[in-house]
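Novice: Give me a model of this one.
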Amino acid sequence: MWWCRSQGHGGAMPRRLVLMGCLVILTLAWLPMAEAQGSGGVLRIGMTAADIPFTGGQPDQGFEGYRFIGFQLYDALVRWDLSQGDRLPDLVPGLAESWEVSKDDPTRWIFHLRHGVKFHDGTDFNADAVLWNWDKLKTKEAPQYDARQAGISNLWTTEMKSWRKLDDYTIELTTPHPTSFLLFQLIHVFYGSPTQWEKVGRDWRAFANNPAGTGPFNLTRLVPRERAELEPNQDYWDKQRVPKADKVILFPMPEATTRLAALRTGQVDWIEVPPPDGIPSLRQAGFQIILRSYPHSWPYSLNLSKPPWDNKLVRQAANYAIDREGLCKSLLNSTCIPAIGVVYPGHPWFGNPKVRYEYNPAKARELLRQAGYDGKDKRVKTSMLISTSGSGQMMPLPMNEFIQENLREVGIDMELVPIEWNTLIQRCLQGLQHPDNAHLGGINVSFHFQDPHGAFVRRFHSAYVAPKSTNIMPYSNPEVDRLLEAAQAAFDPQERDRLLAQVHEIVVEDAPWMFIVHDLNPRAMSPKVKGFVQAQSWFQDVTPAWVEK
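Specialist: Purely as a prediction, here's the structure:
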C-alpha cells in the first residue's frame with residue numbers, strides 16, 4: 001500500500017520503524033474483517049415475550065414476533081436495510097427486485113419478482129405464491145384464508161384493493177387511492193409455501209410446526225412457551241445474508257430478572273431489555289450493553305370520548321405533570337430519552353410544535369384548575385390498562401407506578417389495570433370504544449414510528465378508527481386528515497416529510513396521548529457474541545451474529 005512505503009533517506013523515518021508501523025496498521029485493519037468473517041456457535045436469545053411467536057406466517061407477540069420469527073423465517077417483497085446503525089434504515093428490494101408506479105394511474109403498482117428463490121421445502125417462489133398468500137390474508141372465500149393471520153396483518157393490508165398476475169414473475173397491485181406509503185406496509189407481509197400447506201393437510205397449526213418460508217433461517221424445533229430453534233438456510237437467495245451462527249435458540253422470558261439471571265449464568269448469550277439497575281454490573285463484568293436511538297414511543301393512548309380526557313386542558317396538564325428526565329435517569333438508568341411528541345426532536349417529522357411538555361407541575365395544576373379540577377375536593381379520576389411485560393414495553397410496572405405518582409401529585413388519580421401482553425394487544429386492537437374497554441381512561445402500549453403509515457395514518461386519521469386500525473382513542477381532526485392525505489399522495493420524500501411535520505405539530509398540541517419516553521432499544525450480550533450491528537430500527541438483522549467458542 002502506498003502509505004506503507006519508505007519515504008527515502010535523510011529526514012525520513014527509519015525503514016524498520018515504518019515496517020513495524022505498517023504491521024500494526026495492517027493487524028488493526030484485519031481484526032474487524034476477521035470478526036466479520038467469523039462464524040459458528042449457538043446463539044441463545046432471551047426474549048421479552050411470554051411465548052414463542054406464531055411461526056406459521058404472520059407472527060403474533062407484537063413486533064418482537066416480527067423481529068425474531070417473521071424476518072428470520074420469512075421474507076417480504078421489500079425489506080429494511082438493517083446492515084448499519086449510523087442512520088435510519090432505507091427500504092431495499094426483497095423478494096421483489098424492483099417496482100414502479102404507473103404514471104397514468106398512481107393507484108397501480110407493478111412488482112417484478114426475484115427469480116431463483118426457493119421456499120424451504122424446495123418449491124419455487126413466484127407470482128402464484130404471492131397471490132396465494134395475499135388471498136390467505138384478504139379473501140375470506142379462499143380455502144387458505146386464515147382469520148388469525150388476517151387479523152394480525154390487517155394493519156398492513158388496508159391499502160390492498162385488488163391484485164392480478166401479469167406473468168410468472170410480475171404482479172400488479174391496485175390501491176384504493178394514490179399512496180406513497182404502500183411499500184412501508186408490504187414490508188410486514190410474509191410469504192409461505194402453498195405446497196407445504198397442502199402437504200400438512202391444509203392446517204395452519206400444522207404448518208406452523210413445519211413452516212416453509214423463504215427466509216434466512218429454517219425452524220428445526222418448536223416447544224411452545226419454552227423454545228424455538230432456528231438453523232441457517234444454506235440455500236438462501238441473498239448469499240450476503242446466509243446466517244453466520246450454527247444455530248439460534250429463542251427463549252421466551254417475560255420477567256426481566258429471569259433474563260438477567262440467564263445471561264449472567266450463561267444460559268443465554270443475548271437478552272432483550274436488561275433491567276436498568278443491572279446494567280452497571282453487567283458492564284463491569286464485561287458484558288456488551290448496546291443502546292441506540294430508534295423510532296419507538298412509549299405513550300398512553302387516551303380515551304377521548306368521555307371525561308376526563310375529552311378535555312384538551314386535562315390532556316395537556318397530564319403531559320406537563322410527567323418527570324420524564326427523572327424517569328429516564330433515576331429509574332431506567334439512561335436507557336431512554338424524554339418524549340414530548342410522537343417522534344423525537346431532530347427527526348424529519350418533528351417540526352416546530354407550539355408547546356413543549358417539560359416537567360412543570362405548577363403549570364399542570366393551573367391547567368387542571370382551568371378545566372374545573374381543584375386537586376382537592378375535585379380530582380381527576382381515571383384508569384389505565386397496562387401490561388406486565390412485553391415487546392417494547394420496557395419495564396411497564398415500575399414505569400407506570402412512577403407516572404402514577406407524578407399524576408397524583410398534581411391532582412390526577414390513575415388506577416393501573418395490569419394484564420398479559422398478548423391479551424393487551426388484542427384489547428388495544430378493539431379500541432377504547434369497545435365494550436371491554438369503554439370504562440377505561442386509556443391504554444399504555446408502545447408503538448413504532450418507523451414509517452409514515454405506522455407513525456401517523458393508522459393512529460390519527462379519522463378513517464382508521466379501531467377496529468379497522470389503531471386509531472384507538474379515537475382521534476379526529478379534519479386538518480390532520482387533510483395533511484395526511486396530501487402526504488400519502490406525495491411521492492416526493494421531502495414534500496412528504498414537510499407535510500408530516502405539520503401533522504406532528506398539530507397532534508402534539510392536541511395531546512391525544514400522554515407522551516412519556518422513547519427507549520434506546522437496550523439489549524445486553526455476552527462478550528462472545530460477535531458480528532451484530534444494532535440498527536436504528538425496531539427490527540434487527542440476526543444473520544451476521546455468531547458466537548465465539
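Novice: CA only for contacts and neighbour counts going forward, please
Specialist: Will do.
Novice: Do I have it right that residue 288 meets residue 525?
Specialist: Yes - with contact defined as Cα atoms under 8 Å, residue 288 and residue 525 form a contacting pair (5.0 Å).
Novice: Next, find the distance separating residue 165 from residue 363.
Specialist: 60 Å (Cα to Cα, to the nearest Å).
Novice: no no, residue 398
Specialist: Using Cα to Cα, we find residue 398 at a distance of 25 Å from residue 363.
Novice: Check residue 483 too.
Specialist: Residue 483 is 31 Å from residue 363, where distance means Cα to Cα.
Novice: do the same with residue 373
Specialist: 13 Å.
Novice: Could you do residue 53 as well?
Specialist: Summarising the geometry, the distance separating residue 53 from residue 363, computed by Cα to Cα, is 44 Å.
Novice: what about these two, which has more around it?
Specialist: Neighbours around residue 53 and residue 363, counted as other Cα atoms under 10 Å, are more numerous at residue 53. The numbers are 25 against 17.
Novice: In the stretch 301-450 of the chain, where is pLDDT below threshold?
Specialist: Within the stretch 301-450 of the chain, no range satisfies pLDDT under 70.
Novice: hey, where'd the helices end up in it?
Specialist: 312-320, 324-326, 361-370, 396-410, 421-430 (DSSP state H, counting those that start in this stretch).
Novice: For residue 107, which of the ones you listed is the nearest?
Specialist: Shortest separation from residue 107 across the helices of the stretch 301-450 of the chain is recorded for helix 421-430, at 27.6 Å, computed as Cα to Cα.
Novice: So which bits of the closest one are buried?
Specialist: Across helix 421-430, burial judged by 16 or more other Cα atoms under 10 Å covers 421, 422, 424, 425, 427, 428, 429, 430.
Novice: What is the neighbour count of the residue lying closest to residue 277 once chain neighbours are set aside?
Specialist: Excluding the flanking residues, the one nearest residue 277 by Cα to Cα, 6 or more residues apart in numbering is residue 333, at 6.6 Å. Burial of residue 333 is recorded as 16 neighbouring residues (other Cα under 10 Å).
Novice: Same check on residue 190?
Specialist: Residue 190 has 26 neighbours, counted by other Cα under 10 Å.
Novice: got it, and residue 199?
Specialist: 12.
Novice: so what's the backbone phi/psi at it?
Specialist: The phi and psi torsions at residue 199 (degrees, to the nearest 10) take the values phi -60, psi -40.
Novice: Please name the residues that touch it.
Specialist: If you count contacts by Cα atoms under 8 Å, 6 or more residues apart in numbering, residue 199 has none.
Novice: how much space between it and residue 324?
Specialist: The span separating residue 199 from residue 324 equals 54 Å under the rule Cα to Cα.
Novice: now residue 62
Specialist: For residue 62, the distance to residue 324 - Cα to Cα - is 25 Å.
Novice: As a check, name the ranges of all strands in the stretch 51-200 of the chain.
Specialist: Using DSSP state E, counting those that start in this stretch, the strands of the stretch 51-200 of the chain run over residues 78-80, 91-93, 96-101, 108-113, 162-167, 170-174.
Novice: In space, what's closest to residue 133 - neighbours in sequence excluded?
Specialist: Beyond its immediate neighbours in the sequence, the residue positioned closest to residue 133 (Cα to Cα, 6+ apart) is residue 191, lying 5.9 Å away.
Novice: what number of residues lie near that neighbour?
Specialist: Using other Cα under 10 Å, residue 191 has 28 neighbouring residues.
Novice: Tell me where this structure is predicted with low confidence.
Specialist: Low-confidence segments of the chain, defined by pLDDT under 70, are located at 1-37.
Novice: picking that back up, verify the contact between the residue nearest to residue 277 and residue 274 for me.
Specialist: No - look at residue 333 against residue 274 with Cα under 8 Å: they stay out of range, at 10.7 Å.
Novice: Common neighbours of those two, please.
Specialist: Common neighbours of residue 333 and residue 274 are not found (criterion: Cα under 8 Å, 6+ apart).
Novice: hmm, back to that, including distance to residue 448 and mean neighbour count, could the strands of the stretch 51-200 of the chain go into a markdown table?
Specialist: Formatted as a markdown table, the entries for the strands of the stretch 51-200 of the chain read as follows, by distance: least, Cα to Cα, whole Å; neighbours: other Cα atoms under 10 Å:
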| stretch | distance to residue 448 | mean neighbour count |
| --- | --- | --- |
| strand 78-80 | 14 | 21 |
| strand 91-93 | 16 | 15 |
| strand 96-101 | 24 | 16 |
| strand 108-113 | 26 | 21 |
| strand 162-167 | 28 | 15 |
| strand 170-174 | 26 | 20 |
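Novice: of these, which approaches residue 264 most closely?
Specialist: For these, the distance to residue 264 is smallest for strand 78-80, at 32.1 Å, taking Cα to Cα.
Novice: packing partners for the closest one?
Specialist: If you count contacts as 3 or more Cα pairs under 8 Å, 6 or more residues apart in numbering; DSSP states H and E, strand 78-80 packs onto strand 91-93.
Novice: most centrally placed residue in the protein?
Specialist: When the chain is reduced to its mean C-alpha position, the closest residue under Cα atoms, centre = their mean turns out to be residue 538, at 3.4 Å.
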